[in-house]
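Student: The following comprises the amino acid sequence and a computationally predicted model.
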Amino acid sequence: MKNDLEAKKRIDELTDAVNYHNYRYYMLEDPVISDYEFDGLIKELAELEDEYPQYAREDSPSKRIGGAVSEKFSQVKHGTHMLSLSNTYSKDDVIDFDGRIKRFLGYDIDAEIEYECELKFDGLAVELVYENAVLVQGSTRGDGITGEDVTVNLRTIRTVPLRLYKDIGHLEVRGEVIMDKNGFKKLNKERIKNGLSPFANPRNAASGSIRQLDSKITSNRNLVMFGYGIGGCSKELTFKTQIELMDKLKSLGINIDKNIRVVMGIRGALDFFDDIAKIRDALPFEIDGIVIKVNDILLQKQLGEISKSPRWAAAYKFSAKQEISSIVDIEISVGRTGILTPVAILDPVNIGGVVVRRATLHNQDEINKKNIDIGDRVLVERSGDVIPEVIKVISKGERSGAFELPDKCPCCRADIIIDGAAYRCMNELSCPCQIKGIIVHFASKRAMDIEGLGEKAVDKLVDAGLIKNVLDIYYLKRGDIGSMDGFGKKSEENLLNAIEKSKNISYDRFIYALGIRHVGEHIAGLLVKYFGDVNAIKNATIEDLSSKFGIGEEIGKSIYSFFREESNVNIINGLFEVGVAPYIADVPKEKADGGGVFGKSFIFTGKFDDFTRDEAERLVKNMGGNVEKAVKKKLDYVVAGSNPGSKYDKALKLHLNIINENDFKELINK
Ligand code: IVH
């Protein structure tokens with residue numbers, strides 16, 4: 001049991017950690033912790049938020065389905081949300097899942113539910129939209145609400161039918177794109193030969209292949225798609241059970257795995273898991289567990305969903321594989337966001353068929369907790385084929401203590417600050433290890449909008465030594481770029497023009513472009529509104545910053561430390577000297593303050609599709625609105641969902657302004 005303060009602190013830590021790991025996983029495709037550990041963080045956070053809903057943050061991952069939408073592809077809104085599954089790792093968890101279902105349905109605890117069991121494919125979730133049998137759109141899951149339009153790439157996959165066998169009107173097929181084990185080995189061999197870094201696992205390879213800008217590359221990548229469900233569909237498709245749905249999809253031409261089995265009772269699902277574990281290694285593709293789904297569709301509907309996961313389905317994941325090895329050295333890598341990650345260099349050890357040489361130690365807290373140092377014998381785990389990690393010390397070596405991370409950045413020698421569990425290099429604008437990511441962000445569309453300065457161009461310019469920080473961009477000149485591989489005279493001209501154009505930019509974009517930690521577009525807008533220009537922001541104290549509505553202490557501290565690092569200030573001054581001249585765009589007062597919600601009073605009644613009442617109320621409070629407890633004459637808005645209660649009747653009587661869920665969403669977005 002935690003006290004309030006501890007609970008809030010832990011919720012904050014977990015929210016930051018999960019958001020960070022989500023970003024590494026989905027955006028950088030470079031996870032630094034195992035799936036198992038990640039799920040552990042999610043679980044702990046969900047439990048704490050359940051107990052202390054008042055501390056759940058607006059940016060809590062529990063409000064999203066996971067994932068992120070990249071800017072590379074145009075965006076596609078899914079017809080219905082693409083949900084994710086809750087994960088279980090033990091028989092007991094699975095038995096609990098079955099118990100919860102029976103309790104929810106009011107069944108006897110001895111009753112046996114019919115389950116349909118499937119493999120849990122370890123790839124990338126996609127949606128295929130068919131209109132009158134023709135494939136018209138294919139997208140990634142993204143954040144579950146909006147994904148990326150990758151139609152051209154999905155069309156290259158042979159197991160994705162371009163036309164269904166039968167016209168059943170509108171159909172949204174959902175499934176997983178995976179790369180088989182052979183294709184993965186071949187691809188990595190080729191990448192290593194060409195001097196490229198190999199993909200960490202088939203899942204990353206599949207995801208990288210689908211999110212290629214050149215579909216020719218995708219077509220050479222041995223990808224396979226398996227269907228496992230649907231989103232919306234027209235009335236022509238009728239089915240009473242999950243297995244009937246799968247059979248129908250199969251008869252339409254969708255690739256359905258042949259291991260699917262319908263079982264009676266949760267024991268049957270556990271047997272399925274044991275059987276699949278035995279054939280796992282012999283399968284041509286990677287799986288990371290099984291998925292157990294209630295077979296009866298009516299029951300599925302009754303069970304519904306909770307925090308973006310269906311109550312009627314769960315993943316039962318294989319546990320990780322572990323072996324013992326020794327730590328011969330500890331290397332420090334500096335990530336693109338400046339975080340120092342200690343990595344154990346191991347005596348090579350074979351874990352489940354893969355030779356492991358490196359394992360993450362995560363951070364100083366973990367090292368201290370586990371008391372790890374060079375020379376120790378340790379237990380190493382490789383789960384779901386992500387980066388292996390050191391679990392615990394088996395026996396200490398010569399050094400009795402725990403390894404200590406350096407206080408200077410190993411990449412640029414700048415001071416390190418301790419930021420929660422993270423050790424961070426604050427030399428954000430010129431540390432060579434962070435610089436590529438920083439420059440790409442600086443030049444991105446929503447920041448300085450320098451067209452032509454994307455990841456590839458930045459890679460080349462930094463590797464050629466032409467730019468070492470964002471200021472160097474403005475010193476590029478004719479002849480620097482044109483002769484480089486992949487550039488011509490024309491692209492050089494275009495890039496130089498785009499750079500020139502970027503000098504005239506609105507102040508909020510400029511602040512956002514600086515890549516200050518926690519300062520996204522919204523906070524950048526607030527900073528400009530409250531402080532006006534960079535100098536005022538720079539001179540503000542942590543208290544000044546944190547006391548402003550919508551900013552808060554953590555963000556305040558991050559901004560403050562950014563401006564205490566001299567090299568950051570020098571670069572900003574340099575940008576002004578070369579002619580970058582941000583102007584203050586008109587930020588309408590209400591917008592910066594919280595849209596049409598600021599200062600208004602609300603009451604909620606009924607059920608909403610996209611948020612719970614608690615979520616809506618918290619949102620209103622965070623945006624500067626008031627939530628009232630009782631209906632009274634002076635209310636600005638009564639937001640009514642489905643099946644509204646007595647508040648609705650009272651609001652009608654008082655002739656109050658009653659709005660629906662969509663009206664409310666418009667108000668928030670104003
Ligand atoms: S059903 C209604 N079935 O696991 C629930 N998902 O976290 C939607 N996955 O995003 C998922 N194999 O990418 C389902 N047989 C299977 C699956 C499967 C893999 C993935 C899917 C989803 C994730 C769940």
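Tutor: Nice, I can see it. These numbers were taken from a predicted model, which means no experiment stands behind them.
Student: Show me what counts as buried in stretch 436-456.
Tutor: 436-444, 447-448, 450, 452-454 (16 or more other C-beta atoms under 10 Å). Using the backbone N, CA and C atoms, a C-beta is placed for each residue, glycine as well.
Student: of all these, which comes closest to A277?
Tutor: Of all those, A277 sits closest to G437, with 39.2 Å by C-beta to C-beta.
Student: The closest one sits in which helix or strand?
Tutor: helix 432-443 (DSSP states H and E).
Student: again with E13
Tutor: E13 is part of helix 4-26 when elements are defined by DSSP H and E.
Student: For that helix, buried residues please.
Tutor: Buried residues in helix 4-26 (16+ other C-beta under 10 Å): 7-8, 10-22, 24-26.
Student: hmm, back to that, and for the helix or strand following the helix holding G437, what's in contact with it?
Tutor: Next in sequence after helix 432-443, counting helices and strands by DSSP H and E, comes helix 455-463. Outside of helix 455-463, the residues within contact range by C-beta atoms under 8 Å, 6 or more residues apart in numbering are 435-436, 439-440, 443, 467-468, 476, 481, 484-487, 495.
Student: hang on, isn't S333 packed against L340?
Tutor: Yes - using C-beta atoms under 8 Å, S333 makes contact with L340 at a distance of 7.5 Å.
Student: Which one of these two is surrounded by more residues?
Tutor: Set S333 next to L340 and count neighbours by other C-beta atoms under 10 Å: L340 wins out with 21 against 15.
Student: My reading is that the more buried one lies in a helix. Confirm?
Tutor: No - according to DSSP: H, G, I helix; E, B strand; the rest coil, the state of L340 is strand, so it is not within a helix.
Student: D508: which of the buried residues of stretch 436-456 is nearest?
Tutor: When the buried residues of stretch 436-456 are compared against D508 (criterion: C-beta to C-beta), the nearest one is A447, at 10.1 Å.
Student: doesn't H441 make contact with the closest one?
Tutor: Yes - between A447 and H441 a contact is recorded at 6.2 Å, counting by C-beta under 8 Å.
Student: before we move on, back to that, at contact distance from the ligand, anything in the helix holding E13?
Tutor: No - judged by C-beta under 6 Å from any ligand atom, helix 4-26 makes no contact with the ligand; its nearest approach is 11.6 Å.
Student: Mind listing the shared neighbours of A447 and H441?
Tutor: A513.
Student: Any of the contacts of helix 455-463 buried? List them.
Tutor: Applying 16+ other C-beta under 10 Å to the contacts of helix 455-463 flags I435, K436, I439, V440, A443, I467, L476, I481, M484, F487, L495 as buried.
Student: Looking at these, which two lie furthest apart in space?
Tutor: Longest span within the buried ones among the contacts of helix 455-463, C-beta to C-beta: I435 and F487, 19.5 Å.
Student: Could you pull out the buried residues of the helix or strand containing L652?
Tutor: Assessed by DSSP H and E, L652 sits inside helix 646-653. For helix 646-653, a neighbour-count test (16+ other C-beta under 10 Å) marks K647, Y648, K650, A651 as buried.
Student: cool, and stretch 123-137?
Tutor: Applying 16+ other C-beta under 10 Å to stretch 123-137 flags G123, L124, A125, V126, E127, L128, V129, Y130, A133, L135 as buried.
Student: sorry, back to before: closest one to A56 out of the contacts of helix 455-463, please.
Tutor: V440 (31.9 Å).
Student: The ligand versus that closest one, what's the distance?
Tutor: 27 Å (C-beta to the nearest ligand atom, to the nearest Å).
Student: Can you name the residues of the stretch 1-150 of the chain sitting close to the ligand?
Tutor: Counting by C-beta under 6 Å from any ligand atom, the residues of the stretch 1-150 of the chain near the ligand are L83, S84, L85, E118, K120, F121, A125, R141.
Student: hmm, try it at 5 Å
Tutor: With C-beta under 5 Å from any ligand atom as the criterion, the stretch 1-150 of the chain meets the ligand at residues L83, S84, L85, E118, K120, F121, A125.
Student: Serialize those to TSV and add fields for pLDDT and secondary structure.
Tutor: What follows is these, written out as TSV (pLDDT from 0 to 100; DSSP: H, G, I helix; E, B strand; the rest coil):
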residue	pLDDT	secondary structure
L83	91	coil
S84	91	coil
L85	93	coil
E118	98	strand
K120	97	strand
F121	96	strand
A125	96	strand
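Student: now, which of the residues you listed sits nearest T238?
Tutor: E118 (21.0 Å).
Student: Can you tell me the SS state at the residue lying closest to that closest one once chain neighbours are set aside?
Tutor: Spatially, and ignoring its direct neighbours in sequence, E118 is nearest to V291 (4.7 Å; C-beta to C-beta, 6 or more residues apart in numbering). Of the three states, V291 takes strand under three-state DSSP.
Student: list the contacts for V291?
Tutor: L85, C117, E118, L119, K120, Y228, A313, A314, A315, Y316.
Student: Then D149?
Tutor: F73, S74, Q75, V76, Q137, G138, S139.
Student: Check the contact between the last one and G147; I expect there is one.
Tutor: Yes - under the contact definition of C-beta under 8 Å, S139 touches G147, with a separation of 4.0 Å.
Student: out of those two, which sits in the busier spot?
Tutor: Ranked by neighbour count (other C-beta under 10 Å), S139 and G147 place S139 first, with 26 against 23.
Student: any idea which helix or strand comes after the least confident helix or strand in the chain by mean pLDDT?
Tutor: Among the helical and strand segments of the chain, the one scoring lowest on mean pLDDT, DSSP states H and E is helix 589-594, with a mean of 45. Downstream of helix 589-594, the first helix or strand assigned by DSSP H and E is strand 601-605.
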